[in-house]
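**Q** sequence isn't available, so here's the structure alone:
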């Protein structure tokens, strides 16, 4: 009986390890993405009933333009980049270039004038050209391209 119990315990232990392996691999991939960024967005929190994340940003001109869509278009407002600003999610869109930096990832946020829009991730610290932020969640549903975040 004890040999059967030992064999059964070993089988369950191996099955548990095999089941945990994919999640460990996914966690490792996510950690590598954040490490490759260098300055990823912070953890999610609630701000005025919305889930947001603070992201370190910058601007060579002293202000970050907020566009009406992730296809560039019209500037609807600006963000003062002193420190970090909050963003809802990220989505791909038109390529945007500032100096030697370029990116086709955009982050949904609210400009300082309270208008919703998108900021090119070329204004995010860390990461390389055309690289998404290592920590910002992707837009889904109503928060996607042209949409607004849900409460």
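**A** Perfect, thanks for sending it. Everything quoted here is computed from the prediction, not taken from an experiment.

**Q** mind showing which ranges of the protein have poor pLDDT?
**A** Applying pLDDT under 70 to the chain flags the ranges 1-36, 83, 141-151.

**Q** residue ranges for the strands of it, please.
**A** All strands of the chain, identified by DSSP state E, fall at 44-47, 50-56, 64-69, 72-79, 84-87, 89-98, 101-110, 116-120.

**Q** mind checking these for the one nearest to residue 131?
**A** strand 101-110 (7.2 Å; C-beta to C-beta). The C-beta positions use only the backbone N, C-alpha and C, and glycine is treated the same way.

**Q** which residues touch that closest one?
**A** Contact partners of strand 101-110, identified using C-beta atoms under 8 Å, 6 or more residues apart in numbering, comprise 55, 66-67, 70, 79, 85-96, 116-122, 124, 129-133, 136, 139, 143, 149.

**Q** each with direction, which strands does that strand pair with?
**A** Within its sheet, strand 101-110 is paired with strand 89-98 (antiparallel), strand 116-120 (antiparallel), according to DSSP bridges.

**Q** and those strands: which comes nearest residue 60?
**A** strand 89-98 (6.7 Å).

**Q** looking at the strands of the chain, which is buried most?
**A** With neighbours taken as mean count of other C-beta atoms under 10 Å, the strands of the chain reach their highest mean count in strand 116-120, at a mean of 25.
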